[in-house]
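Peer 1: coords please:
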Amino acid sequence: MNFFAVIGRAVLTLLAQIGRVTRFTGQTLAAIFSAPFYGRLLAQQIMRIGYFSLPVVGLTALSTGAVLALQIYLGGNRYGAEAIVPQIVVLGITRELGPVIAGLMVAGRVAAAIAAELGTMKVTEQIDALTTLATNPIKYLVVPRLLAAVISLPILTAVGDSIGVLGGYLVSTYNLGFTGSIYLKNTVDFAKTDDITSGLIKAAVFGFIIAIMGCYNGFFSKGGAQGVGAATTNAVVASSILILAADFVLTAILFHT
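Peer 2: Got it, this is the predicted structure:
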């Protein structure tokens, strides 16, 4: 009976957690469409989430595109299909690797920062002070971060896609013997609008997940410095898992599999 009690408590805890996240998400979405609007805070968060994430996303995309081109060439070489390198690189980057890499990199950098910042405000009662001052903390703290993440992730993904394709181009032309003009022509001819837009849609969803998980774990942190550390870890882990799960669901929906 103790075994079933442990399972029951775990299930109830999970359901309660899902309920709190759903309620928090609903409150945030409702706050988006109500006044006041904090444009200055939104611009600050776009800089923090988007602009300052460009280096890590760009370097990761460049190395990923280069490695992808090399691996495709080595695999295709077994069957005499080396010419498919540019087509598969642009397809893999725009559909999957671009948005997923951007999402995971930003999750590691931004979700942790959001959870730590809001968690510190929670344990030091700054969030309670906002409520005392008749300021909706969700409207003031969460909405700018959510909108900034949803706006920034597609832009980061578009930049990352370009850099990833560039990485494949550099390896293919300088190491694998491809002609640059032919490589670019095959890339442009094979890339479809649906491939690019699907990756940008995924990126927007990933941005939503990152902001919600970071804000939620920060808002409900407790227990001083140890609680803030746990909230930071939980935000990164939850964001990463949900990004991978959402990637599968979105791929099935967008490409009707």
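
Peer 1: contacts and neighbour counts: CA atoms only from here.
Peer 2: Fine.

Peer 1: chain neighbours aside, what residue packs nearest to the residue nearest the centre of the chain?
Peer 2: The centre of the chain sits closest to residue 103, judged by CA atoms, centre = their mean, with a distance of 2.3 Å. Of all residues beyond its chain neighbours, the one nearest residue 103 is residue 206 (5.8 Å), with distances taken as CA to CA, 6 or more residues apart in numbering.

Peer 1: just give me how far stretch 34-50 sits from the chain centre.
Peer 2: 18 Å (CA atoms, centre = their mean, to the nearest Å).

Peer 1: may I have that stretch as PDB, with CA atoms only?
Peer 2: As requested, the backbone C-alpha atoms of stretch 34-50 are provided in PDB (Å, rounded to 0.1, in the frame of the first residue of the first chain):
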ATOM      1  CA  SER A  34      -5.100  45.000 -20.400                       C
ATOM      2  CA  ALA A  35      -3.700  48.400 -19.700                       C
ATOM      3  CA  PRO A  36      -1.200  49.700 -18.800                       C
ATOM      4  CA  PHE A  37       1.400  48.800 -21.400                       C
ATOM      5  CA  TYR A  38       5.100  49.000 -20.400                       C
ATOM      6  CA  GLY A  39       6.800  49.700 -23.700                       C
ATOM      7  CA  ARG A  40      10.100  50.700 -22.200                       C
ATOM      8  CA  LEU A  41      10.300  47.400 -20.200                       C
ATOM      9  CA  LEU A  42       9.500  45.500 -23.400                       C
ATOM     10  CA  ALA A  43      12.300  47.200 -25.300                       C
ATOM     11  CA  GLN A  44      14.800  46.400 -22.400                       C
ATOM     12  CA  GLN A  45      13.800  42.700 -22.300                       C
ATOM     13  CA  ILE A  46      14.100  42.400 -26.100                       C
ATOM     14  CA  MET A  47      17.700  43.700 -25.800                       C
ATOM     15  CA  ARG A  48      18.400  41.300 -22.900                       C
ATOM     16  CA  ILE A  49      16.800  38.200 -24.400                       C
ATOM     17  CA  GLY A  50      17.400  38.800 -28.100                       C
END
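
Peer 1: so what touches that stretch?
Peer 2: Residues lying outside stretch 34-50 but in contact with it, judged by CA atoms under 8 Å, 6 or more residues apart in numbering, are 106, 110, 140, 144-145, 147-149, 151-153, 155-156.

Peer 1: just stretch 61-75 next, same as before
Peer 2: The list of residues contacting stretch 61-75 from outside it, by CA under 8 Å, 6+ apart, reads 81-82, 85-86, 88-89, 93, 98, 101, 160-161, 163-172, 176.

Peer 1: same thing but at 10 Å, please
Peer 2: Contacts to stretch 61-75, defined as CA atoms under 10 Å, 6 or more residues apart in numbering, come from residues 55-56, 58, 76-77, 80-90, 92-93, 97-99, 101-102, 157, 159-172, 175-176.

Peer 1: same check on stretch 6-14?
Peer 2: 1, 2, 4, 5, 15, 16, 17, 18, 19, 20.

Peer 1: from these, which land in helices?
Peer 2: Per DSSP state H, helices hold the following members of the contacts of stretch 6-14: 2, 4, 5, 15, 16, 17, 18, 19, 20.

Peer 1: I'd like these laid out as TSV, including neighbour count.
Peer 2: Supplementary listing: the ones in helices among the contacts of stretch 6-14 in TSV, determined by neighbours: other CA atoms under 10 Å:
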residue	neighbour count
2	7
4	9
5	10
15	12
16	12
17	12
18	12
19	12
20	14
